[in-house]
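Engineer: what shape does this take:
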Amino acid sequence: MAKLNAETLPLKGIVVLDLGRVMACPSGAQLLGDYGADVIRIEDLDGDETRRWPPVADGEGCNYQSVNRNKRAIALNLKSPGGKRVFEALVRKADVVMHSYLPAVAKRLGLDEEALRAIKEDIIVCGVSGYGISGPLAEKPGYDLMLQAYTGVMELTGDPDGPPMRAGCSMLDLTTGILAFSGVLLALLGRVRGMAQSHTVNTSLFETSLTLLGYHLTNYANGGFQPRRAGSGVGHLSPYSAFHCTDGYVLAGATNNEVWCRMASALGHPEWGTDERFATNAARVANKAELTRLLDEVFAEHSSLHWIQIFENAKVPIAPIRTIVDLFDDPQSAATQMLERHVRAGRPAITLVGAPIKLDGAAPPLRYLPPLHGEHTNEVLRDLLSMNDSQIHELVSSEAVR
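Structural biologist: Numbers count the residues shown, from 1 in each chain. From the prediction side, this is the model:
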């Protein structure tokens, strides 16, 4: 797959200050950097905590590496007079400021909308929070797992007779980052079209979670159906879940009655297609326990490869249940350039997840590897603020920057 030209990326010339912590806000800023924005990653003198979360490779936390490519990093003490002056100068050069501070903390640090607009009237401000900017929980810190618990995601995840479970990835953090990315793009588009001179973009893990719960909420509100844990399946379709074969599991299912008839035939039981207990999806859902028992017996007779070949020939949805490790040798991963290994001078090579949006069939290039703490402090001060060595040395001596 071709790479986009770094000089013609759609966000080239846009300057973004990324003051987000942990995962959600930085992941949104990373997407802006992928498509050309000059993202300045601003951390305090101790650095983001994810730099120290295990596993740590070559001194850098792998969690940090996952959401901070295509950025330049500066270590800045916002509580010092010199640090505040540097920050204000950077705001004047920027188009967007992104942060994940609680409203009261943002105001104390001068990152609230009013303070930033006093520095630059048309600055776009993007705030990412746990529970939103209003309501009784606006000042409550929010984390992916806590929001999975609070919004009912954990209660819906796991086996029907088991305890609530965490979803296997930080889906609220990363989806909130995507929404922050989208919100900033909306604000930039509004500016280009002359519809607004400034925008404040807000999104939160709470609102993301309710968005992802989607049909579960409308099913309850409008249909009176309270969803329950369904293990590997879903409550509104049957069969549609994992089945154990002689060598592992496959995920297979029938999304409509026509597919169910093909599936029944592929399993060697065409009579199930017209059996009144299973002939419609409503009947299959009502008799799910009996149908699952029958299917389990048949799937257990052969290997996963056997059923994959049989079902694919019959045009029945099926997929092997694989591990993360399997993705690294997967030809689809290679074809989509979603897992790329990058060589670093004097340091071990690093593998990063690629950008998920392709433009004209091409992926954006990697312009910056995830930066070391304060790696580009001098460079940013020179490039954006035209500072000389003496001025930079003064800032370092006063612990305004590192």
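
Engineer: what about the helix or strand encompassing I40, distance to the chain center?
Structural biologist: Secondary-structure element containing I40, defined by DSSP states H and E: strand 38-43. When distances are taken as Cα atoms, centre = their mean, to the nearest Å, strand 38-43 is centred 19 Å away from the chain's centroid.

Engineer: likewise stretch 220-236?
Structural biologist: Averaging C-alpha positions (Cα atoms, centre = their mean) puts stretch 220-236 25 Å from its chain's average.

Engineer: again with stretch 4-19
Structural biologist: 20 Å.

Engineer: distance across it, terminal residue to terminal residue?
Structural biologist: Stretch 4-19 has its terminal residues 27 Å apart, counting by Cα to Cα, to the nearest Å.

Engineer: follow-up on the earlier one: who touches the strand holding I40?
Structural biologist: 13-19, 26, 29-30, 32-33, 68, 70-76, 87, 90, 94, 371, 373-374, 376, 380, 384 (Cβ atoms under 8 Å, 6 or more residues apart in numbering). In short, each C-beta sits where N, CA and C put it, glycine included.

Engineer: buried ones in stretch 357-376?
Structural biologist: By neighbour count with 16 or more other Cβ atoms under 10 Å, stretch 357-376 contains the buried residues 363-364, 366-371, 373-376.

Engineer: my error: substitute stretch 114-126 in the last question.
Structural biologist: Along stretch 114-126, these residues count as buried under the neighbour rule (16+ other Cβ under 10 Å): 115-116, 119-120, 123-126.

Engineer: now the terminal residues of that stretch, how far apart.
Structural biologist: The straight-line separation of the ends of stretch 114-126 (Cα to Cα) is 13 Å.

Engineer: and the strands in this protein?
Structural biologist: Listed in chain order, the strands of the chain (DSSP state E) span residues 15-19, 38-43, 56-57, 60-61, 71-75, 96-99, 124-129, 200-204, 240-245, 248-253, 318-320, 339-344, 347-353.

Engineer: switch the ones you listed over to CSV; also include distance to S303 and mean pLDDT.
Structural biologist: Output for the strands of the chain, formatted as CSV (distance: least, Cβ to Cβ, whole Å; pLDDT from 0 to 100):
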stretch, distance to S303, mean pLDDT
strand 15-19, 48, 98
strand 38-43, 48, 98
strand 56-57, 36, 91
strand 60-61, 40, 92
strand 71-75, 46, 97
strand 96-99, 49, 97
strand 124-129, 46, 96
strand 200-204, 45, 95
strand 240-245, 5, 96
strand 248-253, 8, 96
strand 318-320, 10, 95
strand 339-344, 27, 91
strand 347-353, 31, 92
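
Engineer: with distance to R284 added, can I get these in a markdown table?
Structural biologist: A markdown table is the format used below for the strands of the chain (distance: least, Cβ to Cβ, whole Å):
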| stretch | distance to R284 |
| --- | --- |
| strand 15-19 | 49 |
| strand 38-43 | 50 |
| strand 56-57 | 47 |
| strand 60-61 | 46 |
| strand 71-75 | 50 |
| strand 96-99 | 47 |
| strand 124-129 | 42 |
| strand 200-204 | 38 |
| strand 240-245 | 9 |
| strand 248-253 | 10 |
| strand 318-320 | 17 |
| strand 339-344 | 38 |
| strand 347-353 | 37 |
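
Engineer: which of the ones you listed sits closest to I392?
Structural biologist: Shortest separation from I392 across the strands of the chain is recorded for strand 71-75, at 11.1 Å, computed as Cβ to Cβ.

Engineer: surely V86 is in contact with E394?
Structural biologist: No - in this structure, V86 is not within contact of E394 by Cβ atoms under 8 Å, at 11.1 Å.

Engineer: comparing those two, which shows the higher neighbour count?
Structural biologist: Set side by side, V86 and E394 show unequal neighbour counts under other Cβ atoms under 10 Å, the larger going to V86 at 27 against 13.

Engineer: please name the residues that touch the closest residue to D112 other than its chain neighbours.
Structural biologist: Setting aside the residues directly before and after it, D112 is nearest to A106 in space (Cβ to Cβ, 6 or more residues apart in numbering), at 4.8 Å. Counting by Cβ under 8 Å, 6+ apart, A106 touches 99, 112, 127.

Engineer: any idea how far the first one lies from T255?
Structural biologist: Okay, so that is H99. With the distance defined as Cβ to Cβ, to the nearest Å, H99 ends up 42 Å from T255.

Engineer: those two: which has the busier surroundings?
Structural biologist: When neighbours are counted by other Cβ under 10 Å, H99 comes out ahead of the other of H99 and T255, with 24 against 13.

Engineer: I'd assumed A24 was in contact with that one.
Structural biologist: No - using Cβ under 8 Å, H99 and A24 do not qualify as a contacting pair, with a distance of 11.0 Å.

Engineer: centre-most residue in the protein?
Structural biologist: L174 (2.0 Å; Cα atoms, centre = their mean).

Engineer: grab the nearest non-local neighbour of that residue.
Structural biologist: If the residues on either side of it in the chain are set aside, L174 comes closest to S27, at 5.4 Å by Cβ to Cβ, 6+ apart.

Engineer: that neighbour contacts V67, correct?
Structural biologist: Yes - under the contact definition of Cβ under 8 Å, S27 touches V67, with a separation of 4.2 Å.

Engineer: so this protein: which segments form each domain?
Structural biologist: The record assigns the chain these domain ranges, following automatic domain parsing: 6-213+334-397, 240-324.

Engineer: could you list the low-confidence segments of the stretch 301-402 of the chain?
Structural biologist: Counting by pLDDT under 70, the stretch 301-402 of the chain contains no low-confidence segment.

Engineer: so what's N388 up against?
Structural biologist: If a contact means Cβ under 8 Å, 6+ apart, then N388 has R382 as its contacts.
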